[in-house]
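S.K.: Give me the fold of what follows.
(one chain, ligands or ions: 1)
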Amino acid sequence: MIQKIYKILQEMIMRIIIKKNYDDLSKEAAGIIRNLIKTKPDCVLGLATGSTPIGLYRELIRFHKEEGLSFSRVTTFNLDEYYGLQPSHPQSYRYFMDTNLFKDIDIKPENTFVPEGSVKRQDIVRHCADYEQRIKKAGGIDIQVLGIGGDGHIAFNEPGSSFNSRTRLVSLDAQTINDNSRFFNNSEEVPQFALSMGIGTILEAREILFLASGENKADIVAQAIEGPLTSMVTASALQLHPKVNVILDEEAAFSLKRYSYYKFTQEAEGKIEMPIF
Ligand code: PGA
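M.R.: Have a look, this model is predicted:
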């Protein structure tokens, strides 16, 4: 009985893990996904794009090639896609996933889902509802990978998005367009709209893997983790989720008020070989 309660409590935490650098952060995150695939080979992964998860995907590819980790029964759902881009566009998130992960592992292409940015305008609502249904039919997301935008967004849930939001068409914030213009020739080329899972959709994942790297994320990470719950920093909604692994590198952890406490807890856990919550 006590063990059962302990197990439940153990699940209900926001665990802050601070790693030395980006490589270590990527390895830690990949290890968590490897464990899931080993215990549940037909698991459902929620995946993210952007520069942050690239190291994680590189590690997963390495596990596949060197250790034979198989993705043949895994299903994936991506968080979002630019609206108006064809899947073959080099800046589309479908293209990103194919080139940064899917082509190098044994996942079945038909088990990989990314919202379709090329869907006709009149079909958007149905497409978004279908996306939600597909996630449900697959059994829900076991682990959702997330990065954080400079404006505090998760997926493309820009400041002001409802905590109950579902997959839908969104317009991008000026800061996001500016941040992402580095991948395009100029900010005019960045699409202004996207299809994005909602915060409500994300909070339904059984576990969250929230990753942030680099000093430019430090302030917004502190607001998301330690600040008040607010739709102005949509990542703060994760404080409501029962099982979040926050994995940061030292630079992204720099502005945390409770930095020393998290480090102390992390070290203490290692010493007594059990999780502290
Ligand atoms: P990044 O993007 O990983 O490229 O920093 C994160 C995001 O905008 O969600």
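S.K.: How about the stretch 1-150 of the chain: which residue is closest to the ligand?
M.R.: Closest contact between the stretch 1-150 of the chain and the ligand, by Cβ to the nearest ligand atom, is at residue 50 (2.8 Å). (Glycine included, C-beta is placed from N, CA and C.)
S.K.: and that residue, helix, strand or coil?
M.R.: What DSSP: H, G, I helix; E, B strand; the rest coil gives for residue 50 is coil.
S.K.: Over to it: give its phi and psi.
M.R.: Phi and psi for residue 50, reported as degrees, to the nearest 10, are phi 100, psi 180.
S.K.: wait, it sits on residue 147?
M.R.: Yes. Contact criterion Cβ atoms under 8 Å: residue 50 and residue 147 qualify, at 4.7 Å.
S.K.: what's the next secondary structure element after the lowest-mean-pLDDT helix or strand in the chain?
M.R.: Least confident helix or strand, the chain: helix 2-11 with a mean of 60, by mean pLDDT, DSSP states H and E. Sequence order places strand 13-19 as the next helix or strand after helix 2-11, per DSSP states H and E.
S.K.: Which neighbouring elements make contact with that following strand?
M.R.: Packing partners of strand 13-19 (3 or more Cβ pairs under 8 Å, 6 or more residues apart in numbering; DSSP states H and E): helix 22-39, strand 243-249, helix 250-253, helix 259-272.
S.K.: ok, and what's touching that strand?
M.R.: 25, 27-28, 225, 238-239, 241-250, 253, 256, 259, 262-263, 265-266, 275, 277 (Cβ atoms under 8 Å, 6 or more residues apart in numbering).
S.K.: you'd agree residue 114 is up against residue 85?
M.R.: No. Counting by Cβ under 8 Å, residue 114 does not reach residue 85; the two are 10.9 Å apart.
S.K.: neighbour count winner among these two?
M.R.: residue 114 (24 against 19; other Cβ atoms under 10 Å).
S.K.: burial measure for the residue nearest to residue 20 when sequence neighbours are not counted, as a count.
M.R.: Ranked by Cβ to Cβ, 6 or more residues apart in numbering and with sequence neighbours excluded, the top spatial neighbour of residue 20 is residue 250, at 6.2 Å. Neighbourhood size, residue 250 [other Cβ under 10 Å]: 18.
S.K.: Repeat that for residue 113.
M.R.: 20.
S.K.: Contact partners for it?
M.R.: Going by Cβ under 8 Å, 6+ apart, the list of residues near residue 113 reads 75, 76, 77, 78, 131, 134.
S.K.: Show me what it is bridged to.
M.R.: residue 77 (DSSP bridges).
S.K.: Where does pLDDT dip in the stretch 1-150 of the chain?
M.R.: Low-confidence segments of the stretch 1-150 of the chain (pLDDT under 70): 1-12.
S.K.: Next to the ligand, which bits of it? Give me the list.
M.R.: Within the stretch 1-150 of the chain, the positions near the ligand by Cβ under 6 Å from any ligand atom are 50, 51, 52, 147, 148, 149.
S.K.: Please list only the buried members of the residues you listed.
M.R.: Buried members of those, counted by 16 or more other Cβ atoms under 10 Å: 50, 52, 147, 148, 149.
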